[in-house]
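Peer 1: sequence plus predicted model, see below.
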Amino acid sequence: MKPLAERLRPKNLSEYVGQQHLVGDGGIIKRMIEAGRISSFILWGPPGVGKTTLAQIIAHELNTPFYTLSAINCGVREVRDVIERAGRNTFFGHQSPILFIDEIHRFSKSQQDSLLAAVENGTITLIGATTENPSFEVIRPLLSRCAVYVLKSLDRNDLLNLLNRAIHTDIILRERTFDLRSTDALLRYSGGDARKLLNILDLLASSAPADAPIVVDDEQVTRQLQLNPMAYDKGGELHYDIISAYIKSIRGSDPDAALYWLARLIAGGEDPKFIARRLVISAAEDIGLANPNALLLANAAFDAVQKIGWPEGRIPLAEATVYLATSEKSNSAYLGIDAALDLVRRTGNAPVPLHLRNAPTELMKELGYHEGYRYPHDYAGHFVRQDYRPDAVKEEVLWQPADNAQEARAADRLRKLWGK
């Protein structure tokens, strides 16, 4: 008998749970399906939120050939073979065959390169699925040919909807009686992952006597998961919960806790590049200008890990972890760019002041481009006061220095230069 998650896999959009920003009324993917034609895209989101299912539904709704590859067990030859077969099924005026690649972030550069021509000329429509940020894992030429759609973890209502559907429509569960006393633990352990929820429900059903109600309460869920941890999908927990604890320990300046969670990540088989990448983000977001060397060290650790691999890679990761955890902290740059982005959204495309524009042609010079610009190096102290912002945002303050020695010095210098 197939697992519950597979038995309950939706076959059309009406059965699909979650991701209403993409498949609900007005959603981009629903609009493409209604138009009868889709373009290549990558689905980015955590495990168990419906990436593979959505690709299968699209192929079904459009009645188009559907090919699937897993980045874990195929190479360039397999990619080319599928593209050749898809090409024989391509007909003018019809939707191109869909090639779905699961875990596309695991594809090497050469594997990704082998897709470019087929995506470009329309031989295939590529749908990729990834749990990793495509900006880091997908080559730029392929990324430029694909839209990226972000899938979200399922919320409480989505999970309850899925639970209700499983109980009432599954060919096996609908014959059983349920005693739903509390769903808090079930939803909490599911963590927004449909597969986790259905695996846990399947476990509760299989562990209950056939002639007794299936009890769903916090105590029962916790006890069964302790006895059968595989139903909980430790890989998902490791990837999201432990990395969260790791980064929060660094942010909270607790090197012992950070090293503990780093060890958990390593022992659990986490990708060292994923750990190193999060260190780089933490160095910029949490340490920032309080200690700019943190970003240099985190990047050096990332580079070292890629060069030496496991097990020695644990050493530069540990060094960077302790350094970041013990550094002074500041998120002023992080807050500053978010404030700037919010300002841009609110004020729109304010024109660049003429004196800040280059004037490579005579016409631009005649129009006043570059006129009045003062070159700071021509002045004492390599500084001269002039406006660098559009009038609409001239008075906005976006960077607020944090209370550390590094930024205090920078703020003091700015006060002396600008008088404010």
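Peer 2: Sure thing, it's come through.
Peer 1: please enumerate the strands of the stretch 101-250 of the chain.
Peer 2: 125-130, 147-150, 178-180, 214-216 (DSSP state E, counting those that start in this stretch).
Peer 1: closest one to R278 among the ones you listed?
Peer 2: strand 125-130 (16.3 Å; Cβ to Cβ). For every residue, glycine as well, the C-beta is placed using N, CA and C.
Peer 1: contact partners of the closest one?
Peer 2: Strand 125-130 is contacted by residues 38-44, 51-52, 55, 58, 64, 95-105, 115, 118-119, 134, 137-138, 145-146 when judged by Cβ atoms under 8 Å, 6 or more residues apart in numbering.
Peer 1: drop anything exposed from those residues.
Peer 2: 38, 40-44, 51, 55, 58, 64, 95-105, 115, 118-119, 134, 137-138, 146 (16 or more other Cβ atoms under 10 Å).
Peer 1: in helices, which of the contacts of strand 125-130 fall?
Peer 2: Mapping these onto helices (DSSP state H) picks out 51-52, 55, 58, 115, 118-119, 134, 137.
Peer 1: quick one: which of the residues you listed is nearest I172?
Peer 2: Sorting those by distance to I172 puts T52 at the head of the list, at 22.4 Å, by Cβ to Cβ.
Peer 1: and that closest one, what does it touch?
Peer 2: Listed by Cβ under 8 Å, 6+ apart, the contact partners of T52 are 100, 102, 129.
Peer 1: now the strands of the stretch 101-250 of the chain as CSV including mean pLDDT?
Peer 2: Formatted as CSV, the strands of the stretch 101-250 of the chain follow (pLDDT from 0 to 100):
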stretch, mean pLDDT
strand 125-130, 91
strand 147-150, 92
strand 178-180, 87
strand 214-216, 87
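Peer 1: out of these, which one sits most buried?
Peer 2: For those, the largest average neighbour count (mean count of other Cβ atoms under 10 Å) is found in strand 125-130, namely a mean of 25.
Peer 1: quick one: strands adjacent to that one?
Peer 2: Strand 125-130 pairs in its sheet with strand 41-44 (parallel), strand 98-102 (parallel), by DSSP bridges.
Peer 1: what average pLDDT does the last one get?
Peer 2: Same thing as strand 98-102. The pLDDT scores in strand 98-102 average 89.
Peer 1: run the chain-centre distance for that strand.
Peer 2: 19 Å (Cα atoms, centre = their mean, to the nearest Å).
Peer 1: what sits up against it?
Peer 2: Counting by Cβ under 8 Å, 6+ apart, 38, 51-52, 55-56, 58-59, 62, 64-71, 82-83, 86, 107, 115, 118, 124-129 sit against strand 98-102.
Peer 1: list the contacts for the residue most central in space within the chain?
Peer 2: Centroid check for the chain by Cα atoms, centre = their mean gives N133 as the closest residue, at 4.5 Å. N133 makes contact with W44, according to Cβ under 8 Å, 6+ apart.
Peer 1: and it, what are its phi and psi?
Peer 2: phi -60, psi 120 (degrees, to the nearest 10).
Peer 1: so how far is L22 from it?
Peer 2: Using Cβ to Cβ, to the nearest Å, one gets 18 Å for the distance from N133 to L22.
Peer 1: give me the below-cutoff pLDDT ranges for the chain.
Peer 2: Where the chain drops to pLDDT under 70, the residues are 1, 71-73, 89-94, 227-240, 420.
Peer 1: how many residues are close by L116?
Peer 2: Applying other Cβ atoms under 10 Å, we find 15 other residues in the vicinity of L116.
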